[in-house]
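In: give the three-dimensional model of this entry:
(2 chains)
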Amino acid sequence: MKARLLLEDGTLFTGTSFGAEGNSLGEVVFNTSMTGYQEILTDPSYCGQIITMTYPLIGNYGISRDDNESLRPYAQGLVVREIAEYASNWRNEMPLSTFLKEYGIIGIAGIDTRMLTRKLRQSGVMKGIITTGDETIEALMEQMGTPLMRDQVARVSTKSIHIAPSYGKRVVLVDFGAKHNIQRELVERGCEVISVPYNTPAEEILRFRPDGIMLSNGPGDPKDVPEAITMIGKLLGKVPMFGICLGHQLFALACGADTVKMKFGHRGGNHPVKELATGRTVITSQNHGYAVNPESVKGTGLEISHIALNDGTVEGLVHQSLPAFSVQYHPESAPGPLDSGYLFDRFVEMMDTFAARKGEGVHA
Amino acid sequence: MPKDPTLKKILVIGSGPIVIGQAAEFDYAGTQACQALKEEGLEVVLVNSNPATIMTDTNMADRVYIEPLTAEFITQVIRKERPDGLLPTLGGQTGLNLAVELAKQGVLEREGVRLLGTDLRAITNAEDRDLFRSLMNELNEPVPESVIVQSVEEAVDFAGETGYPVIVRPAYTLGGTGGGIAHTEAELREIVDNGLRYSPICQCLIEKSIAGYKEIEYEVMRDANDNCIVVCNMENFDPVGVHTGDSIVFAPSQTLSDREYHMLRTSALKIIRSLNIQGGCNVQFALDPHSFQYYVIEVNPRVSRSSALASKATGYPIARIAAKIAIGYTLDELKNPVTGETYACFEPTLDYVVSKIPRWPFDKFVSANRKLGTQMKATGEVMAIGRTLEESLLKAVRSLEIGLDHIALPDARQLDDATLRERIRVADDERLFLLGEWFRRGHSLEEAHQLSKIDRFFLHKLERIVKLEQQVAEAEVLDVDLLHTAKRMGFTDKTIGRLRNQSEKEIRTLRLAHGLQPVYKIVDTCAAEFEAETPYYYSTYEQEDEVRKSEKKSIIVLGSGPIRIGQGVEFDYATVHAIWAIRAAGYEAVIINNNPETVSTDFNTSDRLYFEPLYKEDVLNIIEKENPLGVIVQFGGQTALNLARDLREEGIKILGTSLEEIDRAEDRKKFEKLLNDTKIAQPPGAAVTSVEEAAQVAARLGYPVLVRPSYVLGGRAMEIVYSESELRSYMEVAVQVNPEHPVLIDRYLLGKELEVDAICDGEDVLIPGIMEHIERAGVHSGDSIAVYPPQSITPEQKARVIEITTQIAKSLHTKGLINIQFVLFKGDIYVLEVNPRASRTVPFLSKVTGIPMAQVATRIMLGESLQEQGYDNGLCPESKEVAVKVPVFSFAKLRRVDITLGPEMKSTGEVMGRDRDYARAVYKGLLAAGISLPRFGTVVATIGDKEKEEAVSLMRRFHQLGYKIVCTSGTADILEAASLPVERVHKLREGSPHILDLIRQGKADLVVNTWTRGRTPERDGFRIRREAVENGIACLTSLDTVEALLITLESIHMSAEPIGQPAVGARSAVLA
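Out: Numbers count the residues shown, from 1 in each chain, chains lettered A, B, ... in the order given. Model prediction:
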């Protein structure tokens, strides 16, 4: 079946449809990871976006029960050069196209994804519509006028509070669209994880007497969730805090820094990030369309701890006086390199140190 | 960390001659490294014995030594040059082994030379099986259950416990030499016995077989600051059990989920860190297709064949970056030369699929065992890039130049199902094509998987190709959609035509009418995330084309494709020189080639690189795209010439000698006429089209005669026959003779062979040098030792050679290079062969004469005469120094191949020996070729009847040098009759202990065997020769080579001689 992808600049790609049928509007972005399409599709951070995979063969190893990063895929659509007709892997349970169909996500295959990527790189990310229907271009262009959603966090965040109990450090995970692997990493380190909705007030969070606050990744513009910025501001200094991706941006905003939208963002599993303290560079998994403005960091009490090697973007912040830090990339990987898992260790240490100091304070 | 300021001068070791397992990839690596070091202002000293390399060009290093790669010679270079550091990791296993040797001898420490890139501990930890295993255990990285053995019994005990099959891997050998999979105790005994002999430390690893696992490779880099990246991962089509050099490989991995990908990536990084490697490293894994269980199979702590492939597959220049790291830079401060903006500290991401298919020499070695196992057998490889796996794979297939443009092998149709099943179960070089046949017969994917253990994903892709074939064949009309689909899956116009009963041309016309033309996309390391500067392109059938051209006119050079016997790295050398000359002349040089191992396919070499099949359709598409001033076909060997014929039909302009003239040299009849017209003699002969005609002609000429099919490459299927019965069997078995494919019969003139490479601009003829072959005519020129300048011809003979060369070159209106082979028979000079193109001696001769022959030739093609270039007519003054080019063979890797030298070329590489006189040059040449020259020892001689006379004097000379001579009865009788002391040994049929036992027990230092009759494996001569090769003992099959060796031995080893008895008269005079 035929499918089309129309960009807001009028560029039209014609290919074949897979997954669901219909019509879907979103921000068209590209991801350069060669593996990990399942994790990407189920990463809630992609809510509202149409994902182009630059690697041409997608779906080769099918879909496995264990590789979802949330309960369902959230992307608005998937664009590939070729969707695998046949998937081969011992964990494969169904083809990618079936998975997308189940969740009503539209895919388009057979188009020149490299041309699309080059266009996005040159012009920046833009709106686009995938359709399996036969609307006229004019009609589609008109539909293009619909503003993009801005309530993605509300859509993807948990609606209720739930707990993964343990006797270890108690971490409140503020779910802006958290990937499962953040929780897995914490649980692996013996932590008890209480996941709370994005708009949970600070007071309610403190009532859990947490040892640490984990600010998760999530979709969209951080400025679209002002309530979270307020909440983070109130928690700062009271409990050790670790922010990832959107959580990092919200942490920066709460400290008084500013964020900006990037031209086409960083999405892929091969991004070098330099840790300024050690001079070491690690390869990271990234997915962000916004970034902290480095100029705005001055005078906020924050310090830039990590930068993207290639374009100098802020990739990590640490508070100079309070037990709080954040990174723009994904130390939880899934997908991507496992090189940054040590940041979770650092968070656990921070909670230990903080608890010890608090203990001393009590007994002094 | 910036460059280490204490390093001023660096010694780089090359990898020596091309052998199976170590090919042109190290010329590519070494060239990149030298350039990378030189641009840092360092003084580079290079040692390599292989003259046919770009890296040994004088502009690549400050000082180039073409000397034997032995510790002794390297030590001399070190003492002379006093380098600060030694970089051995770009010279393959040869480089590493030498570094270990030099370090162990204390040379490095004594001379204050630092080992760069990788420390000794890393080399030994990765290479020594025992140390490697304990390191992996320490790291908690799984390795297959195994045992290190130093005797056959230990191996048998281990296998008794774990069960068969087991894999045998000898320590410190190239390309798995001497290894294999043993399914039974008998096999195990044989392989281990062999393996222990090949291992320089007499050690083998016996490993539980994990055949059937997925084989995955990671190319990793690390710097001194512990930054680590993965450049590329690759997945083998063939599961574990087939040597990775013999496997079809895809990049990136195709069937690994993100978790599997990163599990192995993490392991690879852990390993490179623990080995403290500063540079590149290759880690091979076996991954269970049913779980997360994996094993580390092998680690190469150096740049390897896979890193060359990974460099070309991703655009990331591994060798270049490794060289920078070795001198102190860190990855995060080096720019990624592809983008010019981003840094080398990142992981390339691909937006295409890369396929590699090995090129095997079985077309030459018909009798060789074609089964694939842990012993690598391929001489070269091709790589192809596509946006679908099918496109990529089919492009690779037609790059192989084996007469196929699709996964269809015409002969396969005749196979019965049982044979087909068996050949799918046990891998050989044709399995890919047989799988095509399998699906064409409608057999199931599942059964193919059960038989071959090849991942279903890949099998599905093959099945899909076959299904599309059927669709194309059965469609009522070939509409634009179906045609587009077929093109996107990589089908050639010819294949589509075959399926539709239409001609290639018809399909092409239809395709162009539909506007279906390929676009060219860039290989940019980053999937278009950043703007790339690399002019590195591949074709595909999509929307956007990315070729950027300047205002300058372009010239296309056709490369020479995969390395094979008869067409080696020499042709890439000439190709690269042509590109340099074109660029220097102010044109844009465009190269089309598909060999990932070469310098010509480095994106820095040309203005535009099209990594494409050297196949008519693909080349035509590029020509249409480029609209060049012309195409140069002289440097790409037979590959480019064959293409030129196809291109002529399309009216493409060929620069240099015209095709009509090339045909005059290659077509028997036209060539005869040419020689007749110019009164030049050639051995009498004729072209025949039937067996009877052959017999008549041969009888008229008189035996022995030389027979061969017309249009040959590297002397394929050429033979000397001595009788009518031999002739008949040759005509019936070896060739298909018919009026379209005549067979040439010439009288075999047993004389001295001479060879000339000349350059002609149509008017003047420059002869850089004449070479004389040590082995008499009948041994393929590529397999004989060539000597420059000639040592034994008279000035008159030389003048005649010059005269003939000039005449032929002029009458062919040669514009560029021409190679002529002569035989000197009873004082007269005959022309054997004329090749109006670059020959394999161009690099050798360029190096010894200092004339950049391929560049001079290219400038002629661009319109600059020899005079304008400052060259005179005639033979250049000959140097006082003597240089020899010695062929190197890979017989140890190829079971069941007869090593006897004959008219069919068998060597895979070459070395050069150069010194002030003949004997010293030969000494260096033989030593560099790996022939040891012991001061005394045992020579085992079995001489054919025809040569017994001649052999007596040679054997006497061995005796005088102090060698013990061992022979079987026939030879012994003759030698004893000539009063030489001989030790007798049993012939095979006389029972053990016989001659083979003697060789096997290592009691022979040299084998001389000229029993050339009956080249079947059952014959004694064949078995003796194989036994020698498999035991690593030099085996000479030509008495000419023996004589050269003797001259050398006599000149370097002092022999003890009694002083002369004074005459009686003199004595009385003293007493008086």
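In: quick one: pLDDT of residue B:167?
Out: On the pLDDT scale, residue B:167 is placed at 86.
In: the closest residue to it other than its chain neighbours: neighbour count?
Out: Take residue B:167 and drop its neighbours on the chain: the residue closest to it by CB to CB, 6 or more residues apart in numbering or on different chains is residue B:207, 4.5 Å away. All C-beta atoms are positioned from the backbone trio N, CA, C, and that covers glycine. As a burial measure, residue B:207 scores 25 neighbours (other CB atoms under 10 Å in any protein chain shown).
In: ok, residue B:207 touching residue B:146?
Out: Yes. When contacts are counted by CB atoms under 8 Å, residue B:207 is listed as touching residue B:146 (4.0 Å).
In: so which bits of whatever helix or strand residue B:138 lives in are buried?
Out: In the assignment (DSSP states H and E), residue B:138 maps to helix B:129-139. Across helix B:129-139, burial judged by 16 or more other CB atoms under 10 Å in any protein chain shown covers B:129, B:132-133, B:135-136, B:139.
In: tell me the two of these that are most distant?
Out: Spanning the widest gap among the buried residues of helix B:129-139 are B:129 and B:139, at 15.8 Å by CB to CB.
In: following element in sequence after whatever helix or strand residue B:697 lives in, please.
Out: Assigned by DSSP H and E, residue B:697 belongs to helix B:691-701. Downstream of helix B:691-701, the first helix or strand assigned by DSSP H and E is strand B:705-709.
In: looking at this, residue B:75 is in a helix?
Out: Yes. Checked against DSSP: H, G, I helix; E, B strand; the rest coil, residue B:75 lies within a helix.
In: count the residues that sit near it.
Out: Look at residue B:75: counted by other CB under 10 Å, it has 17 neighbours.
In: pretty sure it is touching residue B:102, no?
Out: Yes. At 6.9 Å, residue B:75 counts as touching residue B:102 under the criterion of CB under 8 Å.
In: so what's the backbone phi/psi at residue B:79?
Out: Per-residue torsions, residue B:79: phi -60, psi -30 (degrees, to the nearest 10).
In: check contacts around it.
Out: Residues near residue B:79 by CB atoms under 8 Å, 6 or more residues apart in numbering or on different chains: residue B:111.
In: distance of it from residue B:104?
Out: Going from residue B:79 to residue B:104 by CB to CB, to the nearest Å gives 17 Å.
In: picking up where we left off before, so is the residue nearest to residue B:167 in a helix, a strand, or just coil?
Out: Secondary structure, three-state DSSP: residue B:207 is strand.
In: so the helix holding residue B:138, near chain A or not?
Out: No. Helix B:129-139 is not in contact with chain A by CB under 8 Å from any CB of the partner chain; minimum separation 15.4 Å.
In: dump the C-alpha coordinates for that helix into CSV.
Out: C-alpha atoms of helix B:129-139 as CSV (Å, rounded to 0.1, in the frame of the first residue of the first chain):
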residue,chain,number,x,y,z
ARG,B,129,47.1,-18.6,23.5
ASP,B,130,47.8,-19.5,27.1
LEU,B,131,48.3,-15.9,28.3
PHE,B,132,45.3,-14.8,26.3
ARG,B,133,43.1,-17.4,28.0
SER,B,134,44.2,-16.5,31.5
LEU,B,135,43.7,-12.8,30.7
MET,B,136,40.2,-13.5,29.5
ASN,B,137,39.5,-15.5,32.6
GLU,B,138,40.8,-12.6,34.7
LEU,B,139,38.4,-10.2,32.9
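In: related to what we said a few turns ago, what comes up buried for the helix holding residue B:697?
Out: Within helix B:691-701, the residues that qualify as buried are B:693-695, B:697-698, B:701, counting by 16+ other CB under 10 Å.
In: what's the closest of those to chain A?
Out: Nearest to chain A, judged by CB to the nearest CB, of the buried residues of helix B:691-701 is residue B:694 at 53.7 Å.
In: what sits against the closest one?
Out: By CB under 8 Å, 6+ apart, the contact set of residue B:694 is B:688, B:707, B:727, B:731, B:737, B:743, B:745.
In: could you find the closest non-adjacent residue to it?
Out: Of all residues beyond its chain neighbours, the one nearest residue B:694 is residue B:688 (4.5 Å), with distances taken as CB to CB, 6+ apart.
In: ok, now residue B:417?
Out: Using CB to CB, 6+ apart, the closest residue to residue B:417 is residue B:441 (7.4 Å).
In: around the one you found, how many other residues sit close by?
Out: Neighbour count for residue B:441, taken as other CB under 10 Å: 13.
In: that one against residue B:413, yeah?
Out: No. Applying CB under 8 Å as the test, residue B:441 and residue B:413 come out as separate, 9.3 Å apart.
In: for the residue in the stretch 151-300 of chain A positioned nearest to chain B, grab the count of nearby residues.
Out: Residue nearest to chain B within the stretch 151-300 of chain A (CB to the nearest CB): residue A:270, separated by 3.9 Å. Residue A:270 has 24 neighbouring residues, counting by other CB under 10 Å.
In: now do residue A:25
Out: Residue A:25 has 24 nearby residues by other CB under 10 Å.
In: for the one 5 residues further on, same thing?
Out: Counted by other CB under 10 Å, the residues lying close to residue A:30 total 27.
In: picking that back up, give me the mean pLDDT for the helix holding residue B:697.
Out: Helix B:691-701 comes out with an average pLDDT of 91.
In: stretch B:97-109 now?
Out: Per-residue pLDDT over stretch B:97-109 has a mean of 94.
In: then stretch B:621-631?
Out: On average, the pLDDT along stretch B:621-631 is 96.
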